[in-house]
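*Asks:* predicted coordinates and the sequence they were generated for:
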Number of protein chains: 2
Amino acid sequence: MTLPFRRVAIVGVGLLGGSLGLALRKRDRTVHVRGVGRSVERLELARRIGAIHEFELERRDALADRDLVVLATPIEHILATLGALGRLAPGAVVTDVGSTKRAISARAREALPSGVAFVGGHPLAGKEAAGVEHGDPDLFVGAPYVLCSEAGDALGRMSTLVEGLGARPVILTPEEHDRAAAWISHLPQLLSTGLAEVVRNQTGEPAKLAALAGSGFRDMVRLAGSPYAVWKGIFETNADNIDHALASFVSEIESLRRELRRPEIERTFERANGFYRTYRAKA
Amino acid sequence: MTLPFRRVAIVGVGLLGGSLGLALRKRDRTVHVRGVGRSVERLELARRIGAIHEFELERRDALADRDLVVLATPIEHILATLGALGRLAPGAVVTDVGSTKRAISARAREALPSGVAFVGGHPLAGKEAAGVEHGDPDLFVGAPYVLCSEAGDALGRMSTLVEGLGARPVILTPEEHDRAAAWISHLPQLLSTGLAEVVRNQTGEPAKLAALAGSGFRDMVRLAGSPYAVWKGIFETNADNIDHALASFVSEIESLRRELRRPEIERTFERANGFYRTYRAKA
């Protein structure tokens, strides 16, 4: 397979950046991948693993010969980096893998020179372990991969790239992405965190409770194990949508409390069953 | 292995009752198992599968020669049946597999004759499919199995039975059980149902949302597929505890909303992470 970029830089070679490097090299042996970062030790590890051909420490002009620059650091760092990418090749495409898209897209519009296109990206793939040592060339296979950009040549090439990695491109505006992500990612996370908090608070006997918990509880509390570092930038850049989703959820819980002793709750279960069936059929 | 009961009746030979019959017969080939129910067709299927040796339709004296009677029907039916078990052998033990324990234990105290002991039971095992045709002799292996009774001979024999099935007996009062179940089973169910409802309500584009949903959403919404039939009797017999858990959860969500733009949320995540680690270590 020939991917639509020849010289790629990955800024931040952790789990996502490293997996991307492995995936690019697995799919197209003629692509050249340069890692850019701050830790020689981590970059050297990424090179030994085969996620990148070579590396540079963050410095001006480390990206000047690249036709694709992938920002794969936390959201806060992506926002800070966009204004300091140094010289970029005319016609180059810049993308990112951040979990929110409005703030990053706005910052890219301000910061990038006119000859360089920005296509926001968000691969909905990951695993619990962090670091390039857990990188997986097939991490993106079958996963949705959101792309945010005006239609155009750069978006077309990024769609081809994403399909080349085995992922499913989903084209959204940054506003659509952040609203949807609040409902299907950020709200579920906070429900799981909240569940852990109330169960922790309500009893002096966590051992007895844990002994009783079945697979339902296990699924519902798994996200409560997510580290805050992943969420800090998300809360900073999507608080309005998340607050709206949480407020709607509170209304829903109050409605369930009213229905708890009434026959209406059967219809609510049937609607939720129907949603679940539709979701599973499409997912 | 010799189990501490010789002649068992299972009233209601569905997934749980059928799995119990298969498990008893696998562990102790000398135990005799009689199925009791209302559908000859289903009972005949249970017999062919090997979950029971023989069956009787529900009638007076179908249990008179049994030293263990297991009520494995929905909660509503267990409550109705406890007063209509007909003649029971002196020294017989009656147990059940219902998901709440206060109402059933109280009803058993009223309804059973003095020579018969009641030990409430709740195996925290199951699967999504219903019916004896999905029965599994190892369904209870490694699962917690709550027993509710005063200490005594009947409780001791039930604990031995439960261990014989490979499950872990957890001794609780009915009040402790129902309170704990509200937190670790009934609250998670309603959070999942509520999540399905709000996501369904908030968008005309479920296909786009489903395409974006990752494994976190999938886990959090799985319980929303549970059929209401399983939950009806639980809501009818544990609404007070569930309402309290839902109200506490609303307070927690309101607290998370306040913290969303503040540094305090980092501590909340750390506490939830800690709870999750402790829970996983014990589960």
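*Replies:* Nice, I can see it. Numbering: from 1, shown residues only, chains lettered A, B, ... in the order given.
*Asks:* packing partners of the strand or helix carrying A:Gly18?
*Replies:* In the assignment (DSSP states H and E), A:Gly18 maps to helix A:15-27. Applying 3 or more CB pairs under 8 Å, 6 or more residues apart in numbering or on different chains; DSSP states H and E, we find helix A:15-27 packed against strand A:7-11, strand A:32-37, helix A:40-49. Every residue, glycine included, has its C-beta placed from N, CA and C.
*Asks:* so what strands line up beside the second one?
*Replies:* Which is strand A:32-37. As defined by DSSP bridges, the strand partners of strand A:32-37 come to strand A:7-11 (parallel), strand A:54-57 (parallel).
*Asks:* that one vs helix A:15-27, what angle?
*Replies:* 170 degrees (axes from the mean of the first three to the mean of the last three CA atoms, to 10 degrees).
*Asks:* got the CA positions of strand A:32-37 in PDB?
*Replies:* What follows is strand A:32-37, C-alpha atoms only, in PDB (Å, rounded to 0.1, in the frame of the first residue of the first chain):
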ATOM      1  CA  HIS A  32       9.800   7.800   6.600                       C
ATOM      2  CA  VAL A  33       8.900   8.500  10.200                       C
ATOM      3  CA  ARG A  34      10.700  10.900  12.500                       C
ATOM      4  CA  GLY A  35       9.900  11.100  16.200                       C
ATOM      5  CA  VAL A  36      10.100  14.400  17.900                       C
ATOM      6  CA  GLY A  37      10.100  14.800  21.700                       C
END
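*Asks:* and that strand with helix A:40-49, angle?
*Replies:* Using the same axes, to 10 degrees: strand A:32-37 against helix A:40-49 is 160 degrees.
*Asks:* which of the residues in strand A:32-37 are buried?
*Replies:* By neighbour count on 16 or more other CB atoms under 10 Å in any protein chain shown, the buried set for strand A:32-37 is A:32-37.
*Asks:* check which helix or strand covers A:Gly121.
*Replies:* strand A:117-123.
*Asks:* and the helices in the stretch 151-283 of chain A?
*Replies:* For the stretch 151-283 of chain A, the helices defined by DSSP state H, counting those that start in this stretch occupy A:153-164, A:174-181, A:187-202, A:206-212, A:215-221, A:228-259, A:264-282.
*Asks:* thinking again about what came up before, nearest to B:Ala92, of the strands paired with strand A:32-37?
*Replies:* Set against B:Ala92 and scored by CB to CB, the strands paired with strand A:32-37 come closest in strand A:7-11, at 70.5 Å.
*Asks:* what does the closest one contact?
*Replies:* Residues from elsewhere that reach strand A:7-11 (CB atoms under 8 Å, 6 or more residues apart in numbering or on different chains): A:17-18, A:20-21, A:24, A:31-37, A:51-52, A:58, A:62-63, A:65-73, A:81.
*Asks:* circling back to that earlier point, could you dump the buried residues of strand A:32-37 to JSON lines with pLDDT and distance to B:His177?
*Replies:* Shown next, in JSON lines, are the buried residues of strand A:32-37 (pLDDT from 0 to 100; distance: CB to CB, whole Å):
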{"residue": "A:His32", "pLDDT": "98", "distance to B:His177": "63"}
{"residue": "A:Val33", "pLDDT": "98", "distance to B:His177": "57"}
{"residue": "A:Arg34", "pLDDT": "98", "distance to B:His177": "60"}
{"residue": "A:Gly35", "pLDDT": "98", "distance to B:His177": "55"}
{"residue": "A:Val36", "pLDDT": "97", "distance to B:His177": "57"}
{"residue": "A:Gly37", "pLDDT": "96", "distance to B:His177": "53"}
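*Asks:* buried residues in the strand holding A:Gly121?
*Replies:* A:117-123.
*Asks:* adjacent strands (with direction) for the following helix or strand past that strand?
*Replies:* Of the helices and strands lying after strand A:117-123 in sequence (DSSP H and E), the nearest is strand A:144-148. As defined by DSSP bridges, the strand partners of strand A:144-148 come to strand A:117-123 (antiparallel), strand A:168-171 (parallel).
*Asks:* can I get these in JSON lines with mean pLDDT?
*Replies:* Conversion of the strands paired with strand A:144-148 to JSON lines gives the following (pLDDT from 0 to 100):
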{"stretch": "strand A:117-123", "mean pLDDT": "97"}
{"stretch": "strand A:168-171", "mean pLDDT": "94"}
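*Asks:* got a pLDDT number for A:Glu54?
*Replies:* Per-residue pLDDT puts A:Glu54 at 97.
*Asks:* show me what the closest residue to it other than its chain neighbours is bridged to.
*Replies:* Take A:Glu54 and drop its neighbours on the chain: the residue closest to it by CB to CB, 6 or more residues apart in numbering or on different chains is A:Arg34, 5.5 Å away. Here A:Arg34 sits in beta bridges with A:Ala9, A:Glu54, going by DSSP bridges.
*Asks:* so who does A:Arg34 touch?
*Replies:* Shown in contact with A:Arg34 (CB under 8 Å, 6+ apart): A:7-10, A:52-56, A:62, A:66.
*Asks:* now do 7 Å
*Replies:* Contacts of A:Arg34 were listed using CB atoms under 7 Å, 6 or more residues apart in numbering or on different chains, and they are A:9, A:52-56, A:66.
*Asks:* looking at the helix holding A:Gly18 now, give me its mean pLDDT.
*Replies:* 97.
*Asks:* what sits up against the strand holding A:Gly121?
*Replies:* A:16, A:93-99, A:101, A:104-105, A:108, A:112, A:140, A:143, A:145-149, A:154-155, A:158, A:167, A:174, A:177.
*Asks:* center of chain A - which residue?
*Replies:* Nearest residue to the geometric centre of chain A (CA atoms, centre = their mean): A:Ser99, 3.9 Å.
*Asks:* what's the burial count for the nearest residue to A:Pro137 once chain neighbours are set aside?
*Replies:* Nearest non-adjacent residue to A:Pro137, counting by CB to CB, 6+ apart: A:Leu22, 3.8 Å away. Look at A:Leu22: counted by other CB atoms under 10 Å in any protein chain shown, it has 22 neighbours.
*Asks:* check A:Ala108 too.
*Replies:* 27.
*Asks:* touching chain B at all, the helix or strand where it lies?
*Replies:* Element membership for A:Ala108 (DSSP H and E) is helix A:102-111. No - interface with chain B: helix A:102-111 contributes nothing (CB under 7 Å from any CB of the partner chain), its closest point being 14.1 Å away.
*Asks:* by contact count, what packs against that helix?
*Replies:* helix A:75-81, strand A:117-123, helix A:174-181 (3 or more CB pairs under 7 Å, 6 or more residues apart in numbering or on different chains; DSSP states H and E).
*Asks:* got the buried residues for that helix?
*Replies:* Buried residues in helix A:102-111 (16+ other CB under 10 Å): A:102-105, A:107-108, A:111.
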